[in-house]
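**Q** here is a sequence with its predicted model. Questions after.
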Amino acid sequence: MKTVHRKRRRIRWGRVFLIPALILFLVFALMTLKYSQDQKILQEINDKIVEMQNQLEEYLNSHKDDALIEKTIIEANAMGEGYAYEEALAILRQEPKIQDDPRIKDRIAYFQNAIDSLVNYDSPVRHLFFHNLIIDPSIAFGEGSHNAAGYNSWNITVYEFKRILEEMYARGFVVVDFYDVYEYKDGKYIRKPLKLPEGKIPFIFSIDDMSYPDPKPADGFARGLTLKNGEIYTRVETKDGEILTKDGDIVPILEIFLEAHPDFSYKSARGILALSGHAGTLGFRLTNNDEIEAATQVVEALKSKGWIFANHSYSHADGAYYSSSSIPEKIDEDFAKWTAKIGSIAGDTTLFVAPFGYKLTGDSLQVVKDYGYSAYFIVDRRGDVSVIDGMTFFARVDIDGVSMTKDAAYLNEHFFDVQRVLDPARP
Ligand SMILES: [Zn+2]
């Protein structure tokens, strides 16, 4: 019998378990490795997200006030263009949360430096005055004109006024408010300290009459001022009827010039409007309440721009009024009328611009004082300020046909080049 010798395989239990265990271990190890790699990648992704979030937050933080910063800088710059450097600094400093922004810091340093480089202006501050402008010289100086010789003497044209502005701006002139130059204290006017950038020359500016009486509108002048969308326009007669333009007289022309050259005005100063009364004011005849209301609205708009008002007399008459035969009772009557009819629209004023620059004396001058007027403006191209009988007289330089032809050398030396200004349409 054949013995089947079977070698009985001994089951090696160790191997039986070891191999799957090894496999399991490997799988587990691989999985662990993979897991930990994944975890690492996940962590890296997470870190990246956090980093990006931080960057985004940082970016948003540094730009979230951009609109505010830009608005603040624009407002401060607008102030600074008109020499209101302290006001510009106050605007820049008013928001605590933007003080660390480099743009704000930069502008603060700029205006601080501008303040440090201002110089005191101690010389006399000259005062130039004008009458309403001739828009159409061919009519004003033409054959049909009611007063060609008078207009040639006492008025200038739109062309000339625009050139005067350019010339004076080029020389460094700056319009200043009367009350930024003088302060009335203890019964007298004193000069206030006035600081401007080196080379700038302050001057005071006024316009007389402002009533646009007939027949001037028909003679090539404006008919008056009016408002359109809150802005000041001149009413001008043309052969096609009345039009509104900003090119018809000093007020809107100066406003347009200042939009382009804000540094021609110190702290938003404008001029003094010296209103006479017998023909109404600003082109309104004041014959009914609508006219009074309309004039009042124009006055408010002018005031908001910085214009101030003076009494230029009601009658604008010589004889018993403003001449060597002046009668105190007539002056009193004249001041009472102005106060009631024009002052009620223009508001209180202590500035009196004498018609013809006539210097009242004695009892007639006393009437002016009794009405509360403390500043009396005369015409004197070479004068400054003088106190006589307790009244302060301020000299003014007339800019008109007379001064530009008879005193051209003086105007050339001090204010503008007359030859470059004169209208070729002048006779
Ligand atoms: Zn006058």
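**A** Looks like it arrived, so ask away.

**Q** and the residue in the chain that the ion sits nearest to, what does it touch?
**A** At 4.0 Å from the ion, Asp208 is the closest residue in the chain, using CB to the ion. In short, each C-beta sits where N, CA and C put it, glycine included. Asp208 is in contact with Phe129, Phe130, His131, Ala274, Ser276, His312, Val353, counting by CB atoms under 8 Å, 6 or more residues apart in numbering.

**Q** can you do 6 Å?
**A** Residues in contact with Asp208 (CB atoms under 6 Å, 6 or more residues apart in numbering) are Phe129, His131, Ala274, His312.

**Q** what about the stretch 101-250 of the chain, any weak spots by pLDDT?
**A** Within the stretch 101-250 of the chain, not a single segment meets pLDDT under 70.

**Q** show me where it has strands.
**A** 118-120, 126-130, 173-175, 182-185, 188-191, 195-197, 201-209, 224-228, 231-238, 241-245 (DSSP state E, counting those that start in this stretch).

**Q** I'd like these as JSON lines, with distance to Ile91 appended.
**A** What follows is those, written out as JSON lines (distance: least, CB to CB, whole Å):
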{"stretch": "strand 118-120", "distance to Ile91": "18"}
{"stretch": "strand 126-130", "distance to Ile91": "31"}
{"stretch": "strand 173-175", "distance to Ile91": "21"}
{"stretch": "strand 182-185", "distance to Ile91": "26"}
{"stretch": "strand 188-191", "distance to Ile91": "28"}
{"stretch": "strand 195-197", "distance to Ile91": "19"}
{"stretch": "strand 201-209", "distance to Ile91": "24"}
{"stretch": "strand 224-228", "distance to Ile91": "29"}
{"stretch": "strand 231-238", "distance to Ile91": "25"}
{"stretch": "strand 241-245", "distance to Ile91": "35"}
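
**Q** can you list the domain ranges for this structure.
**A** 16-56, 66-116, 121-421 (automatic domain parsing).

**Q** what distance separates the start and the end of the last one?
**A** Right, the one you point to is domain 121-421. Taking CA to CA, to the nearest Å, domain 121-421 runs 27 Å from one end to the other.

**Q** run the chain-centre distance for that domain.
**A** 19 Å (CA atoms, centre = their mean, to the nearest Å).

**Q** with the second one instead?
**A** Domain 66-116 has its C-alpha centroid displaced from the chain centroid by 18 Å (CA atoms, centre = their mean).

**Q** span of it from start to end?
**A** First-to-last residue span, domain 66-116, CA to CA: 29 Å.

**Q** and for Val402, nearest residue in space, chain neighbours not counted?
**A** Ser153 (5.1 Å; CB to CB, 6 or more residues apart in numbering).

**Q** tabulate the domains of the chain in TSV, adding columns for distance to Arg10.
**A** Below are those laid out as TSV (distance: least, CB to CB, whole Å):
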stretch	distance to Arg10
domain 16-56	11
domain 66-116	85
domain 121-421	109
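
**Q** highest average neighbour count across those domains?
**A** domain 121-421 (a mean of 18; mean count of other CB atoms under 10 Å).

**Q** ok, now which ones touch Glu87?
**A** Contacts of Glu87 by CB under 6 Å, 6+ apart are Met79.

**Q** okay, it: pLDDT?
**A** pLDDT for Glu87: 95.

**Q** now it: how far from Arg93?
**A** 11 Å (CB to CB, to the nearest Å).

**Q** kindly report the same for Asp208.
**A** 42 Å.

**Q** max-length helix in the protein?
**A** Counting by DSSP state H, the longest helix found in the chain is helix 13-63.

**Q** which is the next helix or strand following it?
**A** For helix 13-63, the following helix or strand on the C-terminal side (DSSP states H and E) is helix 66-81.

**Q** now do the contacts for the residue nearest the centre of the chain.
**A** By CA atoms, centre = their mean, the chain has its centre lying nearest to Ser268, at 3.8 Å. Residues near Ser268 by CB under 6 Å, 6+ apart: Gly82, Gly306.

**Q** cool, and Thr350?
**A** Gly372, Tyr373, Ser374.

**Q** any idea which element Phe393 lies in?
**A** Going by DSSP H and E, Phe393 is in strand 391-394.

**Q** can I get that strand in CSV? Just the C-alpha atoms.
**A** Taking C-alpha atoms only, strand 391-394 is exported to CSV below (Å, rounded to 0.1, in the frame of the first residue of the first chain):
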residue,chain,number,x,y,z
MET,A,391,-15.6,161.0,10.8
THR,A,392,-13.3,158.6,9.1
PHE,A,393,-12.9,159.4,5.4
PHE,A,394,-11.6,156.6,3.1
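
**Q** quick one: name the residues of the protein near the ion.
**A** Asp208, Asp209 (CB under 5 Å from the ion).

**Q** the helices in the stretch 151-300 of the chain, which residues?
**A** Assigned by DSSP state H, counting those that start in this stretch, the stretch 151-300 of the chain shows helices spanning 158-170, 178-181, 250-260, 289-305.
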